[in-house]
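> What would the 3D arrangement of this be:
(one chain, ligands or ions: 1)
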Amino acid sequence: MIRSRIAGVGACVPPREISNEDLEQMMDTEADWILQRSGIRKRYWAEHDDTTSVSKLALPAVEEALKAAGVGKQELDLIIFATVTPDALFPGAGCYLQAHMGLPGIPALDIRQTCTGFLYALSIADAYIRAGIHRTVLVVGAEMQSKCLDVSTRGRDMTVLFGDGAGACIVQRTEVQDASPATSRESFLFSTHLHADGSHAKDLIWASPGTANRIWNPPELVSEENSFPQMRGRHVFTHAVKRMPEAALEALEANGVGIESVDLFVLHQANKRINDKFSQALGIAEEKVFSTIEDFGNTTAATIPLGLAEAVRRGRLVPGMLVLSAAFGGGFTWGSALYRW
Ligand code: UT7
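Below is the predicted model:
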């Protein structure tokens, strides 16, 4: 049976470390507030000049993923790039990355499903592979959000949470003997589950520039406030703590797998308190939930592949483990994936 598997993962962050104390110098905030309310201690921000871009940031992560998978870049037959902070409004970051990699001709697709972007991208890679259209797909989740955030006190509710980073996975065709999730020990992606509810679009939004915006044209009327991402934090929090456990249970039920069988939960990292509530709701032991938020903040589409790469580096994720990922973000969008590593 044809399935897909994550054959290799890589991740990187830019070199500039930004502590909570550094943020105190930029805006009216307190290091301790950030730590208590989100669990974040530091994050990494790119240099804010024209030498950096999200597609360039992704390159070392891609190289690491190719090496880990033992795959040459010429074997790639599709690039899927999840990001909300692309190099330009168009063309997509996937096209830029493809050019950096010197792979003219292979298709490149951008996904903009915010914090759920990586799961959407993984799902598309899996569908193409199962359909026999592609064999070896590069799936990237990467963000360079620090260039887009309001670093004045006005933007403090969002700005303190977000970091830059990139994660990449090589998703490859595999032939499995036993495709039953309950009995198989082979490494493959069991299923993905995706959702969206666009009636909440304005609760987590980067509105301008955008065609729904009267103020895009003439440009003098672009309001500075609209030009930065905005969020109704508490509202987003309330939905995240409901939807992420729901999506996790959906994945388990679809595969007839009990929650106790999952070895590691590699979740989106928006707020440590969201993931603590996820664990409490499902009765999961803390040591099964891998956390990177304290070191990297919320890297939006990058959190899950970055988490996978970190879990491998720290020896927390080894072949044969059953992994569950879930995410929630702007759109609203949410989803899950269940896979054996
Ligand atoms: O990746 C997916 C999308 N994002 C999320 O899932 C994030 C979801 N939301 C959250 O994580 C939390 O709602 C936040 C961390 C954003 C905020 O925590 P909160 O406990 O919900 O705080 P709040 O927004 O209700 O604000 C509490 C107070 C306010 O002051 P008053 O009105 O009580 O006087 C804010 O003005 O904290 C104030 N505040 C800050 N204070 C210091 C907001 N941001 C800051 C800040 N530093 N950076």
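> so residue 251 is in which element?
If you go by DSSP states H and E, residue 251 is part of helix 233-255.
> Flag every residue of this structure that's near the ligand.
Residues of the chain lying near the ligand by Cβ under 6 Å from any ligand atom: 29-30, 33, 37-38, 115, 156-157, 160, 204, 233-234, 236-237, 240, 270-271, 274, 298, 329. For glycine as for every other residue, the C-beta is placed from the backbone atoms N, C-alpha and C.
> repeat that for 8 Å
For the chain, the residues in contact with the ligand (Cβ under 8 Å from any ligand atom) are 23, 27-30, 33-34, 37-38, 114-115, 156-161, 204, 231, 233-234, 236-237, 240, 268-271, 273-274, 298, 300, 303, 327-330.
> Just the buried ones among those, please.
Taking 16 or more other Cβ atoms under 10 Å as the criterion, what is buried in the residues of the chain next to the ligand is 23, 29, 34, 37-38, 114-115, 156-161, 204, 231, 233, 236-237, 240, 268-271, 273-274, 298, 300, 303, 327-330.
> Can you flag which of these belong to strands?
Using DSSP state E, the members of these that fall in strands are 204, 231, 327-329.
> from memory residue 114 sits against residue 84, does it?
Yes: applying Cβ atoms under 8 Å as the test, residue 114 and residue 84 come out as touching, 5.4 Å apart.
> Determine how far the helix or strand just after the helix holding residue 251 lies from the middle of the whole chain.
Remark: after helix 233-255, the chain's next helix or strand is strand 264-266, criterion DSSP H and E. In terms of Cα atoms, centre = their mean, to the nearest Å, the centre of strand 264-266 is set 14 Å apart from its chain centre.
> State the paired neighbours of strand 264-266 in the sheet, together with their directions.
Counting by DSSP bridges, the strands paired with strand 264-266 are strand 289-290 (parallel), strand 322-329 (parallel).
> Of those, which stretch is the most buried?
Per-stretch averages of neighbours, counted by mean count of other Cβ atoms under 10 Å, single out strand 322-329 among the strands paired with strand 264-266, with a mean of 26.
> Looking at that strand now, give me its mean pLDDT.
Averaged across strand 322-329, the pLDDT comes to 98.
> ok, now stretch 333-341?
Averaged across stretch 333-341, pLDDT comes to 98.
> Same question for stretch 262-278.
What stretch 262-278 shows for mean pLDDT is 97.
> can you check stretch 33-40 too?
Summarised as a single mean, pLDDT over stretch 33-40 is 98.
> List the contacts of that stretch.
The contact list for stretch 33-40 (Cβ atoms under 8 Å, 6 or more residues apart in numbering) reads 20, 23, 41, 160-161, 271-273, 291, 293-294, 297-298.
> rerun at 7 Å
By Cβ atoms under 7 Å, 6 or more residues apart in numbering, the residues outside stretch 33-40 that reach it are 20, 23, 41, 160-161, 271-273, 293-294, 297.
> now stretch 306-326
9-11, 119, 165, 167, 185, 187, 244, 247-248, 251, 261-269, 290, 292, 296, 299, 304, 336-341.
> Kindly report the same for stretch 79-92.
For stretch 79-92, with Cβ under 7 Å, 6+ apart as the criterion, the contacting residues are 53-55, 93-94, 96-98, 106, 108-114, 117-118, 120-121, 124-125, 137-145, 148, 206, 209, 300-301.
> what distance separates the start and the end of it?
In stretch 79-92, first residue to last residue: 11 Å (Cα to Cα, to the nearest Å).
> now the helices for the stretch 1-150 of the chain?
Secondary structure of the stretch 1-150 of the chain (DSSP state H, counting those that start in this stretch): helices at 20-26, 31-38, 54-69, 93-101, 117-130.
> Can you convert these into CSV and add a column each for distance to residue 80?
Output for the helices of the stretch 1-150 of the chain, formatted as CSV (distance: least, Cβ to Cβ, whole Å):
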stretch, distance to residue 80
helix 20-26, 33
helix 31-38, 29
helix 54-69, 12
helix 93-101, 7
helix 117-130, 4
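> tell me the most buried of those helices?
The highest mean neighbour count among the helices of the stretch 1-150 of the chain, using mean count of other Cβ under 10 Å, belongs to helix 117-130: a mean of 25.
> could you give the angle of it to helix 93-101?
70 degrees (axes from the mean of the first three to the mean of the last three Cα atoms, to 10 degrees).
> so residue 168 sits in a strand?
Yes: assessed by DSSP: H, G, I helix; E, B strand; the rest coil, residue 168 belongs to a strand.
> beta partners for it?
Beta bridges link residue 168 to residue 10, residue 140 when assigned by DSSP bridges.
> May I see the buried residues of stretch 176-192?
Here stretch 176-192 shows 181, 184, 187-190, 192 as buried, counting by 16+ other Cβ under 10 Å.
> Dump that stretch to PDB, keeping only the CA atoms.
Below are the C-alpha coordinates for stretch 176-192, written out as PDB (Å, rounded to 0.1, in the frame of the first residue of the first chain):
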ATOM      1  CA  VAL A 176       3.800  -0.400   3.700                       C
ATOM      2  CA  GLN A 177       2.900  -4.000   4.400                       C
ATOM      3  CA  ASP A 178       0.500  -3.300   7.200                       C
ATOM      4  CA  ALA A 179      -1.400   0.000   6.800                       C
ATOM      5  CA  SER A 180      -3.600  -0.600   9.900                       C
ATOM      6  CA  PRO A 181      -2.700   2.100  12.500                       C
ATOM      7  CA  ALA A 182      -3.700  -0.200  15.400                       C
ATOM      8  CA  THR A 183      -1.200  -3.000  14.400                       C
ATOM      9  CA  SER A 184       1.400  -1.600  12.100                       C
ATOM     10  CA  ARG A 185       4.900  -0.600  13.400                       C
ATOM     11  CA  GLU A 186       6.000   0.900  10.100                       C
ATOM     12  CA  SER A 187       6.800   4.500   9.700                       C
ATOM     13  CA  PHE A 188       4.100   6.400   7.800                       C
ATOM     14  CA  LEU A 189       1.500   9.100   8.100                       C
ATOM     15  CA  PHE A 190      -1.800   7.600   9.300                       C
ATOM     16  CA  SER A 191      -4.000  10.600   8.600                       C
ATOM     17  CA  THR A 192      -4.500  14.400   8.700                       C
END
